[in-house]
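# Sequence unavailable; structure follows:
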């Protein structure tokens, strides 16, 4: 997975979902057929989180700017954590201690306009995606430049590695007549090998697409590519050659269409899916931002009109949730809600969330997560 997020409330377009099956028809039970998520027996206290350590500082070395990119965290082969900071990355040790920065602002080698570390390969190299410089930079464990791979596209929203970084899956909306409106692309640098992800009916116009209708991509253990819609609770599995293998629709969170501009009680920022991770057993871990019932009471007047959260703190409007989904049985196994926003699924059993110091500095918590009772899961309280 990769995705972009900033902490200024007005810079975050949010959306969310929840759909249930029609009352007069039984939902398909098969992911391959297209199923509706069964939420009836979801456990609300079975996901256990255990705080490991904290990344960041209130000031000085290791400070996290909060200007975007910190929702992309990669752990390299040495156990170091790489965290995007727009024009550079902060690197922290296995216990969260600050080690150094990597990169600087610019367009030359080892220079970035928006750095997103998104993959650590078997050789220990870190792959860094820059959607503005349109390239992937590969950096060795000793922080030296290994290679640069140019990309083509416009408004690339997400990037994952497949085949240990020899190929990438890019989420961007294609304007190529041969693949018009397709959101997902397997690429080898600038060469697009296959495009897929959109299904059209006979009356649909494939040129009628919204470039802000994002997908989050993830690689599954069986080699398929999973895609989750940001604006609806829908997860799809696709083959490498672009065949739809299965889909799941989750519950509808009753959003109204958001009219871009002022936020008002009648025009709230919608709920949205914020990340997805597929674990070694093929289960989907989904994070969402959910609007609070009292979000209007936790608002103040925006000088430019409309509402903004009290103290410019999105925690006054939203809280965070993780769902653990068994795709094979279309079952919601467990959910966990909390106030700190989940930033990133770093890897199996490791998640990051963010809190803010009294001075307003972002502080990233690295936590172990698991299903209670499973091997390797935290014990919890």
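That came in fine, so what should we check first? Computed from a predicted model, the values in this text were never measured in an experiment.
# what about the most centrally placed residue in the chain, distance to residue 106?
By Cα atoms, centre = their mean, the chain has its centre lying nearest to residue 275, at 2.9 Å. From residue 275 across to residue 106, the span is 29 Å (Cβ to Cβ, to the nearest Å). Just so you know, the C-beta spots here come from the backbone N, C-alpha and C atoms, and that holds for glycine as well.
# Would you map the strands across the stretch 51-200 of the chain?
Per DSSP state E, counting those that start in this stretch, the stretch 51-200 of the chain carries strands over the ranges 73-75, 81-85, 88-92, 98-102, 104-105, 111-112, 116-120, 126-130, 135-139, 145-150, 158-162, 167-171, 184-188, 191-196.
# nearest to residue 67, of those strands?
Closest to residue 67 of those is strand 81-85 (Cβ to Cβ; 7.4 Å).
# average pLDDT across that closest one?
For strand 81-85, mean pLDDT is 95.
# Equivalent analysis for stretch 51-61, please.
If you average the pLDDT values across stretch 51-61, you get 91.
# Any idea how far apart the tips of it sit?
22 Å (Cα to Cα, to the nearest Å).
# and the residue nearest to the centre of the chain, helix, strand or coil?
Classification of residue 275 by DSSP: H, G, I helix; E, B strand; the rest coil places it in strand.
# contacting residues for the closest residue to it other than its chain neighbours?
Nearest non-adjacent residue to residue 275, counting by Cβ to Cβ, 6 or more residues apart in numbering: residue 287, 4.5 Å away. By Cβ atoms under 8 Å, 6 or more residues apart in numbering, the contact list for residue 287 reads 273-276, 320-323, 342, 345.
# Same list (the residues you listed) but as TSV, adding distance to residue 156.
Below are the contacts of residue 287 laid out as TSV (distance: Cβ to Cβ, whole Å):
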residue	distance to residue 156
273	18
274	18
275	17
276	17
320	25
321	27
322	26
323	26
342	23
345	20
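# Switch these over to a markdown table; also include pLDDT and distance to residue 148.
Formatted as a markdown table, the contacts of residue 287 follow (pLDDT from 0 to 100; distance: Cβ to Cβ, whole Å):
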| residue | pLDDT | distance to residue 148 |
| --- | --- | --- |
| 273 | 92 | 31 |
| 274 | 91 | 29 |
| 275 | 93 | 27 |
| 276 | 96 | 28 |
| 320 | 95 | 35 |
| 321 | 96 | 38 |
| 322 | 97 | 35 |
| 323 | 97 | 37 |
| 342 | 91 | 31 |
| 345 | 96 | 27 |
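# Nearest to residue 40 among the residues you listed?
For these, the nearest to residue 40 is residue 323 (13.9 Å; Cβ to Cβ).
# Does the closest one touch residue 283 like I think?
No - Residue 323 lies out of contact with residue 283 (Cβ atoms under 8 Å); the separation is 10.2 Å.
# between the two, which one's more packed in?
Set residue 323 next to residue 283 and count neighbours by other Cβ atoms under 10 Å: residue 323 wins out with 23 against 18.
# hang on, that one in a strand?
Yes - under three-state DSSP, residue 323 sits within a strand.
# Which pLDDT value goes with the spatially closest residue to residue 309 that is not a sequence neighbour?
Take residue 309 and drop its neighbours on the chain: the residue closest to it by Cβ to Cβ, 6+ apart is residue 316, 4.2 Å away. Model confidence at residue 316, given as pLDDT, is 93.
# Tell me how far residue 316 lies from residue 265.
Distance from residue 316 to residue 265, by Cβ to Cβ: 15 Å.
# Where does pLDDT dip in the protein?
Along the chain, segments meeting pLDDT under 70 span 1-29, 68-69, 199-212, 381.
# Identify the residues contacting residue 215.
Contacts for residue 215 (Cβ under 8 Å, 6+ apart) come out as 157-158, 171, 183-184, 197, 227-230.
# and if we set it to 7 Å?
Residue 215 is in contact with 158, 171, 183-184, 197, 227-230, counting by Cβ atoms under 7 Å, 6 or more residues apart in numbering.
# For it, give its distance to residue 335.
Taken as Cβ to Cβ, the span from residue 215 to residue 335 is 22 Å.
# Please give the element, helix or strand, for the residue nearest to residue 275.
strand 284-291 (DSSP states H and E).
# partner strands of that strand, parallel or antiparallel?
Applying DSSP bridges to the sheet, strand 284-291 is found paired with strand 272-278 (antiparallel), strand 318-326 (antiparallel).
# which of those strands sits most buried?
strand 272-278 (a mean of 26; mean count of other Cβ atoms under 10 Å).
# ranges for the strands of the stretch 251-381 of the chain?
Counting by DSSP E, counting those that start in this stretch, the strands of the stretch 251-381 of the chain are 272-278, 284-291, 299-301, 307-309, 318-326, 331-338, 341-347, 350-356, 362-371.
# which stretch among these comes nearest residue 136?
strand 341-347 (18.3 Å).
# buried sites along that closest one?
341-346 (16 or more other Cβ atoms under 10 Å).
# Please name the strands paired to that strand in the sheet, noting orientation.
strand 350-356 (antiparallel).
# Which residues does the strand it pairs with contact?
Contacts for strand 350-356 (Cβ under 7 Å, 6+ apart): 73, 320, 340-346, 362-369.
# follow-up on the earlier one: for the residue nearest to residue 275, give its distance to residue 120.
For residue 287, the distance to residue 120 - Cβ to Cβ - is 21 Å.
# one step back: as TSV, the contacts of residue 215 with distance to residue 32 and neighbour count would be great.
Putting those into TSV (distance: Cβ to Cβ, whole Å; neighbours: other Cβ atoms under 10 Å) gives the following:
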residue	distance to residue 32	neighbour count
158	24	28
171	23	23
183	21	24
184	19	25
197	17	23
227	16	23
228	17	27
229	19	22
230	24	25
